[in-house]
Structure formats: structure tokens, C-alpha cells
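Trainee: Sequence first, then the predicted structure, then my questions.
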Amino acid sequence: MTTVRTADPSADPSAERPAGRLAGRLVGLGVCGSIAAYKAVELVRLLRAEGADVIVMLTPSAARFVGPLTFEALSGHAVETDVLGLLPDRRIGHIVVADTADALVIAPATARWLGAMANGIAGDTPTAACLASSAPVVVAPAMDGDMWMHRATRDNVERLRRDFGYVIVPPEIGSLASGQSGIGRLAELPLIVDAVVAAIGDRPVRAADPALRPSRTTPVRDADLEGRHVVVSAGGTAEAIDPVRFIGNRSTGRMGAAIAEAALDRGARVTIVAGRVEVPLPDGARVIAAESTAAMRDAVIEAVFDRRADVLVMAAAVADFRPVHTAGTKMARGEAISLELEPTEDILAEVGARARQTDPRPVIVGFAAETGSLDRAPGKLRRKGADLLVANDVAEPGSGFGTDTNRVSILAADGSRDDLPLMTKREVAERLLDRVVAALDERDGRSHTGATTREKPA
């Protein structure tokens, strides 16, 4: 079976799951106050197994059967429980779900919900999202048999099917919460999943950009970097032309800040060597300002070798050239000027060379911002002496400077390559640090067996 690397069903973005029938889709799951609400937990897992990104909406009574924390842990999203609830970026939660979901599923749907929806009464997030959305809606009722057979319920179901175009997955015959046996039992979950797949069909993905969807929650991580010193360079460097003007780049420091924050959350002691950044840097990190490449080189060398770093992540966009001559005063505006440029220090290559003489050797991660192709990345990885290289095409939408998302490939010194889908920079940071932790464990294992830095134990 083909697999894709993306967020794990337990909200761990480091895992893999099958590329199923709902790969790339966002499904909004509304859960109502029925005893069958506990089955919605398994429904989340099945939808995730088919590749879907799932966000859960609970009615107030549903939250009394299954707590929001359970659904949040499984889906990786905060649960929508309040029609007035806002996302961290101040967008209205259920409206974002309505606008971006490829399908909405109400399972279990109670008699109360069927009546409210049939009459457009939006008193909870599942109903409000359905009213605000043009996505297909799949409804799987569950209730007492007599309630299901009542004329009012049947009329509401028929209106949803006939007038609204909703797909109804009818309840089945079986044991009910009342102790009786009859119709009213929630349909088998695979049938509901099949109905979702059929309802979406070949429609285009409504919101492929993760930034448009509800943001994911940060998964709880083990403190697997506790006791480690991680150095992260962030932002762009600036090479002075005169006291006012400089040669720079479009880096904002978002990727470096995300890596530093993720490392702190994993228990690391973090040093940030910061060039020009446009985002807040996380509290708890030691920050060294280093605007020019030369200043960044000195700060990185001091942090990695003098302060004995375990990891260096060179996420900064370091200038490759600087003016040979810098004017001491502001240059007057004229017809034209010519700048003679010289190469700047190759910080990553110098660290890679010095690290070979260091025991224990720090894990070194480089970044390569390319345009159009990543063909040069493997050669750069070898030349720089890095353990990992994170390469991305900055010309690709959503993957360049200043965005909240990134699509990267992580190349390793052993020749392996991990092509990640478009994801938030925090998710990229977590995936990268998973690789860093593995490299540290391998390094320490070699040390305990007496193997050399580049050898593997026999």
C-alpha cells in the first residue's frame, strides 16, 4: 500500500499513515448527545486512516458523553464546542470549518438535531457549520426506535434528504441503550466512511492550503531533548553598503523561531543566533544578535564549540556575498553605482569541518533555499559536512519566505530523503527534530560501543 508522511492519527505529525480515499481532505465531524457518541471516537480514527484531516464539533450534550480532550488528542485540532468560539488567529471556528471542509458528517445525529437542522435553528456548532457550508453533508442518526419511527422525525429526515440534498445513512436494527432491541442503532462505521467518500466524489479539495483551515494543536511531546544544547540560527543577514543601505534577503526568521520553540518544548537549552528577524523569538532561549554574516559566524562558532552544543540548525538565510568596500557615510544619490562583491564566510562548511575533530560530534543541520529544482541539494549536503539538509523551493506558493507553511525535503548523509507535504512551519520543525533526536541517539550509541564518529557499531 502506498504511504504518505503526514500527521499521525494521534496528533503526532512525525508518523506515517496510508494514502487512503480521503487523502488531503478535511472532514468536519459533528457529534450529538447520544449514547452512541462514544463510537464517534472510532469514526475519527477510521476517517484519519483514510487520509482525512478531521476536526470535531460537539453539541453541549455530546461533551457530557465524550470529553473534548479525547477528540482533540485523536484529531490534532481543538474541538469546536461554542458557536461564539474563536480560533487563535481570531477567526470564527465553526465558520472556518464550514468554509474549508470537504464534507460535514453528523454522527450520531439525534432527533433533536434533525429537527433543529430541518428548521434552520442553529443552537450548536454542528448545526451552525452545516447552515454556513456548501459542502456535502452526511447524516447518521441514532436514537430510540420509537423516536426514529415518529412522524416528526421521519418528516425531518425526508426534508434534509429531499430539500437539502443531505446523504442519510439510516440506523440499523440491534441492541439499544434502553435495553430493547430494534431499529435506531448507529450504522456501522465503515458504511458512514463509505458514504463520506461517495459524497465527496471527485470534487476538488476546497482548501488545500493548511493556513486556510483550522490550525492544528501542538502535540504533547516527550522531553526527548532534555539536557541537550541546541543552537538555531534564524533570519537573514545584512551586508552593509553604507550606514543606511545593505544587501539582504527576504527571510523573516519564522522557520528558525519555530524550530527554537519546538526544541524548547522538548526540554532543550536553546541558543538563537538571530540575524534580521520579523517575528517574535520564543521566551526561554538565549538570543545573540548577529546581523552580518561575519558576526553570525563568530556567534555560531562560540555557541557550538565554546559552549558545547549538541545540535546546530542553520536555518538562517546567510548572504553569500558582501561589498568589498563599505562607505563610512551615506552615499549620495547619483546616476549609478557599481559594487564589487566578495564571498562571505561559509559558516556551515566551517562548522562541518571543525565538527569532525570534535568529540562528541554535534549533529549539524543545514538549510538550502532553492528555486525551480532541488537538484543541487545532495551536493551541498556532502560539501558542507552536514548530517541533515532541509531543502525547499522558495518560489513555490506557500513554501517561501514570510509564509506560515513550508514544503521541504529532508536529505540525510546516508543518502535517504524524506519529501514532506505542505505543512505548517511548526510541523516541519517537529519532523526535523524527530530526525535530530534519532541522530543524537545514534551518536550516543556509537560512543558507548567505542565506534568512531562516522562508523556504525559492528
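Mentor: Structure's in. What do you need?
Trainee: can you give me the strands for the stretch 101-250 of the chain?
Mentor: 103-109, 137-141, 167-168, 172-175, 181-185, 229-234, 239-240, 246-247 (DSSP state E, counting those that start in this stretch).
Trainee: Relative to Ile106, how far out is Ala62?
Mentor: 11 Å (Cβ to Cβ, to the nearest Å). Yep, even glycine has a C-beta here, placed from its N, CA and C like the rest.
Trainee: what residues are shared contacts of these two?
Mentor: 31-32 (Cβ atoms under 8 Å, 6 or more residues apart in numbering).
Trainee: How many neighbouring residues does the closest residue to Arg203 other than its chain neighbours have?
Mentor: In space, and not counting its chain neighbours, Arg203 is closest to Asp102: 6.9 Å by Cβ to Cβ, 6 or more residues apart in numbering. If you count neighbours by other Cβ atoms under 10 Å, Asp102 ends up with 22.
Trainee: circling back to that earlier point, and of the strands of the stretch 101-250 of the chain, who's closest to Val363?
Mentor: strand 229-234 (9.2 Å; Cβ to Cβ).
Trainee: Point out the other helices and strands that that closest one packs with.
Mentor: Strand 229-234 is packed against helix 254-265, strand 269-274, helix 293-301, strand 311-314, with contacts defined by 3 or more Cβ pairs under 8 Å, 6 or more residues apart in numbering; DSSP states H and E.
Trainee: how does it look with 10 Å?
Mentor: With contacts taken as 3 or more Cβ pairs under 10 Å, 6 or more residues apart in numbering; DSSP states H and E, strand 229-234 sits against helix 254-265, strand 269-274, strand 286-289, helix 293-301, strand 311-314, helix 347-355, strand 363-370, helix 425-449.
Trainee: one step back: distance check, the residue nearest to Arg203 against Leu43.
Mentor: 16 Å.
Trainee: By mean pLDDT, flag the weakest helix or strand of this structure.
Mentor: Least confident helix or strand, the chain: strand 3-5 with a mean of 30, by mean pLDDT, DSSP states H and E.
Trainee: returning to what we had before: kindly reformat the strands of the stretch 101-250 of the chain as a markdown table containing mean neighbour count.
Mentor: Listed next are the strands of the stretch 101-250 of the chain as a markdown table, based on neighbours: other Cβ atoms under 10 Å:
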| stretch | mean neighbour count |
| --- | --- |
| strand 103-109 | 28 |
| strand 137-141 | 26 |
| strand 167-168 | 18 |
| strand 172-175 | 12 |
| strand 181-185 | 18 |
| strand 229-234 | 29 |
| strand 239-240 | 18 |
| strand 246-247 | 18 |
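Trainee: okay, those strands in JSON lines with mean pLDDT next?
Mentor: Output for the strands of the stretch 101-250 of the chain, formatted as JSON lines (pLDDT from 0 to 100):
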{"stretch": "strand 103-109", "mean pLDDT": "98"}
{"stretch": "strand 137-141", "mean pLDDT": "98"}
{"stretch": "strand 167-168", "mean pLDDT": "98"}
{"stretch": "strand 172-175", "mean pLDDT": "87"}
{"stretch": "strand 181-185", "mean pLDDT": "87"}
{"stretch": "strand 229-234", "mean pLDDT": "98"}
{"stretch": "strand 239-240", "mean pLDDT": "94"}
{"stretch": "strand 246-247", "mean pLDDT": "92"}
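Trainee: and Gly400, which of these is closest to it?
Mentor: That would be strand 229-234 among those, by Cβ to Cβ, at 16.1 Å.
Trainee: close enough to count as contact, the residue nearest to Arg203 and Ala23?
Mentor: No. Assessed by Cβ atoms under 10 Å, Asp102 is found out of contact with Ala23, at 11.0 Å.
Trainee: so what's in contact with those two at the same time?
Mentor: Counting by Cβ atoms under 10 Å, 6 or more residues apart in numbering, the contacts common to Asp102 and Ala23 are 52-53, 205.
Trainee: Keeping just the C-alphas, turn stretch 89-104 into CSV.
Mentor: Extracted as CSV, the C-alpha positions of stretch 89-104 are listed here (Å, rounded to 0.1, in the frame of the first residue of the first chain):
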residue,chain,number,x,y,z
ASP,A,89,-6.0,33.9,14.9
ARG,A,90,-9.4,35.3,15.9
ARG,A,91,-11.4,33.7,13.1
ILE,A,92,-14.8,32.2,14.0
GLY,A,93,-14.2,28.5,14.5
HIS,A,94,-17.3,26.9,13.0
ILE,A,95,-17.3,29.3,10.1
VAL,A,96,-13.8,28.3,9.1
VAL,A,97,-14.9,24.6,9.3
ALA,A,98,-17.9,25.5,7.1
ASP,A,99,-15.7,27.3,4.5
THR,A,100,-12.9,24.7,4.3
ALA,A,101,-14.3,21.3,5.0
ASP,A,102,-14.7,18.9,2.0
ALA,A,103,-17.6,17.2,3.8
LEU,A,104,-19.5,17.5,7.0
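Trainee: quick one: buried residues of that stretch?
Mentor: 92-94, 96-104 (16 or more other Cβ atoms under 10 Å).
Trainee: What of stretch 78-88?
Mentor: 78-81, 83, 87.
Trainee: With stretch 203-212 instead?
Mentor: 206-207, 210.
Trainee: can you redo these as a markdown table with pLDDT?
Mentor: Shown next, in a markdown table, are these (pLDDT from 0 to 100):
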| residue | pLDDT |
| --- | --- |
| Arg206 | 94 |
| Ala207 | 92 |
| Pro210 | 84 |
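Trainee: Filter those down to just the ones in helices.
Mentor: Assigned to helices by DSSP state H, none of those qualify.
Trainee: Leaving out the residues flanking it, which one is nearest to Ile241?
Mentor: Pro323 (5.5 Å).
Trainee: Kindly report the same for Ser373.
Mentor: Nearest non-adjacent residue to Ser373, counting by Cβ to Cβ, 6+ apart: Asp393, 7.4 Å away.
Trainee: low-scoring stretches of the stretch 51-200 of the chain, by residue?
Mentor: 178 (pLDDT under 70).
Trainee: hmm, try it at 90
Mentor: 69-70, 72-74, 76, 78, 84-91, 174-182, 184 (pLDDT under 90).
Trainee: Max pairwise distance over the buried residues of stretch 78-88: which two?
Mentor: Ala78 and Val83 (14.6 Å).
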